[in-house]
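# only geometry, no sequence info:
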């Protein structure tokens with residue numbers, strides 16, 4: 001329940017009155033959290049040296065009579081800076097610079113978009129893009145290379161599915177990669193073939209590497225442009241921190257360089273990709289605990305299975321719409337156990353991608369065995385990324401094992417038209433089950449999985465609260481028993497996301513002593529019509545007491 005009491009809290013030992021680097025924001029409709037993760041409201045926020053020193057009513061203005069700056073919020077709503085607990089920073093940047101296929105209605109329409117992009121970028125050796133989703137097309141069949149060949153045959157084309165767990169390529173790409181009818185899919189991958197056994201142009205999960213390993217690595221200039229593009233986009237959306245779900249050694253090197261120069265722009269909590277060849281070396285360096293909390297490195301992204309849309313998610317029973325398949329485990333249980341034990345022994349948090357109910361059960365079994373070896377590993381706060389389809393009997397195990405479900409609300413509203421086909425009604429009981437998780441005692445770390453979904457956190461808040469898409473469908477919400485309250489959803493994008501990164505002491509609640517990361521928005525999300533939450537617009541974004549974005553009026 002919303003606490004209406006206006007709090008005037010100050011850090012022990014902090015001096016009141018004149019301070020050269022004090023900023024006072026007043027006349028705000030402010031919301032934050034207390035140490036019990038409960039909402040509090042305030043109208044005035046006082047910031048010194050980038051941190052909150054007090055929050056309360058307008059009386060604070062008299063206690064800080066000569067601040068460096070006084071800012072009148074004009075009654076706007078002030079929220080803690082939003083933290084996306086699962087995104088792909090560089091993937092977002094590249095996606096914003098490459099061909100965008102999200103929401104297009106057919107393979108042919110997608111191919112036309114690719115052709116236009118290729119014509120506008122004649123110097124690109126490889127044409128890349130993302131966002132196709134055959135589930136939205138008539139017939140729901142996977143696309144083929146032939147459709148792309150009709151519009152571009154002289155340059156290789158590689159297009160990631162919206163979930164990032166399949167690629168669609170043209171014949172030129174297969175030719176350059178040396179892929180033909182004799183090529184075998186690696187373990188944990190699948191090549192879609194026609195009746196004659198010829199690859200049709202779609203490669204799932206580990207089979208993607210047959211093509212993508214042949215693409216030249218990104219240049220430093222490409223990486224820098226993608227980074228700057230992604231960060232500017234996140235700042236505009238009110239995202240002050242993000243957990244990067246699978247960073248390469250090259251990306252980590254760039255993040256370190258940016259952090260050293262004071263040029264990150266958002267707080268980044270990278271999960272080191274377990275598939276990176278330099279994993280052992282990175283683990284040996286130990287965790288990186290930044291006292292300024294711009295770049296904390298203490299987690300590893302591990303991959304258990306694929307995605308539901310491409311039928312790569314590992315299920316306990318066969319797919320309802322493909323009885324000959326139960327999905328793909330990208331790595332077997334022994335390999336996963338070895339990785340978790342290695343990561344844990346070095347003091348790193350393990351964050352395991354698991355979407356299907358079989359993958360989630362395997363992940364929980366792996367974590368349980370790891371805890372049996374060393375109960376202190378519970379303090380590492382291991383996570384399961386997505387926890388999308390979970391057997392209802394396994395949901396309480398998250399709390400029992402201290403495993404954090406890292407979930408993305410918009411996945412449910414995007415997948416609602418497909419999940420029933422894949423799973424059947426009975427298995428939907430534990431699918432996208434935020435309410436079950438929360439009622440069992442879990443803290444949900446909320447995110448978007450951008451660029452799989454749009455990065456806008458207010459889309460996620462809307463989906464979590466209404467279980468409807470942005471067209472208000474289905475009326476009343478899909479699996480409406482799993483709805484969250486606005487306060488619960490906001491916790492997932494703030495204090496609970498911070499907890500999932502071991503940062504709850506310094507981020508997420510706008511408590512005195514925490515960094516002054518906040519946003520000013522045009523909507524009182526606690527009192528607005530939930531159906532309109534997704535329309536919330538950010539007017540200003542602040543990180544550590546500095547304004548990094550202001551919307552032109």
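Thanks, I have it. As the structure is a prediction and not an experimental result, all values here were calculated from the model.

# in this protein, which segments are predicted with low confidence?
The chain contains residues with pLDDT under 70 at 1-20.

# Off-centre distance for the strand ranked longest in it?
Longest strand in the chain by number of residues (criterion: DSSP state E): strand 239-247. Centre-to-centre, strand 239-247 and its host chain are 7 Å apart (C-alpha atoms, centre = their mean, to the nearest Å).

# For it, which helices and strands make contact with it?
Here strand 239-247 touches strand 82-87, helix 89-97, strand 267-273, strand 299-303, helix 495-499, strand 538-543, going by 3 or more C-beta pairs under 8 Å, 6 or more residues apart in numbering; DSSP states H and E. No exception for glycine: its C-beta is placed from N, CA and C like everyone else's.

# what inclination does the next helix or strand along the chain from it have with respect to helix 89-97?
The helix or strand immediately downstream of strand 239-247 is helix 249-260, counting by DSSP states H and E. Angle of helix 249-260 versus helix 89-97, following axes from the mean of the first three to the mean of the last three C-alpha atoms, to 10 degrees, is 90 degrees.

# Distance from helix 249-260 to the middle of the chain?
On C-alpha atoms, centre = their mean, the centre of helix 249-260 falls 19 Å from the chain's centre.

# What is that helix packed up against?
Judged by 3+ C-beta pairs under 8 Å, 6+ apart, helix 249-260 is in contact with helix 220-236, strand 267-273, helix 279-284.

# can you list those in a markdown table and add mean neighbour count and distance to residue 131?
Below are these laid out as a markdown table (neighbours: other C-beta atoms under 10 Å; distance: least, C-beta to C-beta, whole Å):
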| stretch | mean neighbour count | distance to residue 131 |
| --- | --- | --- |
| helix 220-236 | 18 | 15 |
| strand 267-273 | 26 | 22 |
| helix 279-284 | 14 | 29 |
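
# how about the helices in the stretch 1-150 of the chain?
Under the criterion DSSP state H, counting those that start in this stretch, the stretch 1-150 of the chain contains helices at 60-63, 89-97, 107-120, 145-149.

# Burial-wise, tell me which of the ones you listed comes out on top.
Sort those by mean neighbour count, taking mean count of other C-beta atoms under 10 Å, and helix 89-97 sits at the top with a mean of 22.

# Let me see the residues that make contact with it.
Contacts to helix 89-97, defined as C-beta atoms under 8 Å, 6 or more residues apart in numbering, come from residues 128-131, 164, 218, 222-223, 225-231, 233-234, 242, 244, 247, 251, 268, 450-451, 455.

# can you give me the angle that helix makes with strand 267-273?
Using the same axes, to 10 degrees, the direction of helix 89-97 lies 100 degrees away from that of strand 267-273.

# how close does residue 183 sit to residue 193?
According to C-beta to C-beta, to the nearest Å, residue 183 and residue 193 sit 10 Å apart.

# what do these two both touch?
In contact with both residue 183 and residue 193: residue 199, using C-beta under 8 Å, 6+ apart.

# Turn the helices and strands packed on helix 249-260 into JSON lines, columns for distance to residue 51.
Converted to JSON lines, those look like this (distance: least, C-beta to C-beta, whole Å):
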{"stretch": "helix 220-236", "distance to residue 51": "20"}
{"stretch": "strand 267-273", "distance to residue 51": "14"}
{"stretch": "helix 279-284", "distance to residue 51": "30"}
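
# nearest to residue 63, of the ones you listed?
Minimum separation from residue 63 across those (C-beta to C-beta) falls at strand 267-273, 29.3 Å.

# Now for the closest residue to residue 392 other than its chain neighbours, how many residues are close by?
Leaving out its chain neighbours, the residue that sits closest to residue 392 by C-beta to C-beta, 6 or more residues apart in numbering is residue 430, at 4.3 Å. Using other C-beta atoms under 10 Å, the number of residues around residue 430 comes to 22.

# what's near enough to touch residue 430?
Shown in contact with residue 430 (C-beta under 8 Å, 6+ apart): 357, 389-392, 394-395, 436.

# And for the closest residue to residue 412 other than its chain neighbours, the neighbour number?
Distances taken as C-beta to C-beta, 6+ apart place residue 432 nearest to residue 412, at 3.8 Å, with adjacent residues excluded. Applying other C-beta under 10 Å, we find 28 other residues in the vicinity of residue 432.

# likewise residue 175?
Residue 175 - counted by other C-beta under 10 Å - has 14 other residues nearby.

# so where does it fall, helix or strand?
Here residue 175 sits within helix 171-177, counting by DSSP H and E.

# Show residues contacting that helix.
Helix 171-177 has contacts (C-beta under 8 Å, 6+ apart) with 126, 145-146, 148-149, 152-158, 180, 199, 201, 210-211, 213-214.

# Can you select the buried ones among those residues for me in ChimeraX?
In ChimeraX syntax, the buried subset of the contacts of helix 171-177 is picked out as below (16 or more other C-beta atoms under 10 Å):
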select :145,148,152,155,156,157,158,199,201,210,211,214
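
# Do a quick rundown of the helices in the stretch 401-550 of the chain.
Along the stretch 401-550 of the chain, counting by DSSP H, counting those that start in this stretch, helices occupy 409-427, 434-439, 457-466, 486-492, 495-499.

# so who does residue 532 touch?
Residues counted as contacts of residue 532 (C-beta under 8 Å, 6+ apart) are residue 523.

# what do you get for residue 449?
86-88, 245, 386, 408, 410-411 are the contacts of residue 449 under C-beta under 8 Å, 6+ apart.

# 6 Å instead?
86, 408 (C-beta atoms under 6 Å, 6 or more residues apart in numbering).

# Same check on residue 167?
By C-beta under 6 Å, 6+ apart, the contact list for residue 167 reads 158, 160, 203, 208.

# so which of those residues is the most crowded?
Ranked by neighbour count (other C-beta under 10 Å), the contacts of residue 167 have residue 203 at the top, with 30 neighbours.

# Need the max-distance pair from the contacts of residue 167.
Maximum distance among the contacts of residue 167 (C-beta to C-beta): 10.4 Å, for 160 and 203.

# Verify the contact between residue 516 and residue 53 for me.
No: with contact defined as C-beta atoms under 6 Å, residue 516 does not count as touching residue 53 (9.0 Å).

# more neighbours, these two?
Taking other C-beta under 10 Å, residue 516 and residue 53 do not tie; residue 516 has more neighbours (25 against 22).

# give the contact list for the more buried one.
Contact analysis of residue 516 by C-beta under 6 Å, 6+ apart lists 47, 50-52, 545.

# got a winner among these for most neighbours?
Ranked by neighbour count (other C-beta under 10 Å), the contacts of residue 516 have residue 47 at the top, with 28 neighbours.

# how far away is it from residue 377?
Counting by C-beta to C-beta, the gap from residue 47 to residue 377 is 37 Å.

# Residue 340 too?
Distance of residue 340 to residue 377, computed by C-beta to C-beta: 9 Å.

# okay, and the common contacts of the two?
residue 370.

# hang on, the earlier thing: just put the helices and strands packed on strand 239-247 in JSON lines and tack on distance to residue 60.
JSON lines is the format used below for those (distance: least, C-beta to C-beta, whole Å):
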{"stretch": "strand 82-87", "distance to residue 60": "25"}
{"stretch": "helix 89-97", "distance to residue 60": "36"}
{"stretch": "strand 267-273", "distance to residue 60": "26"}
{"stretch": "strand 299-303", "distance to residue 60": "37"}
{"stretch": "helix 495-499", "distance to residue 60": "23"}
{"stretch": "strand 538-543", "distance to residue 60": "18"}
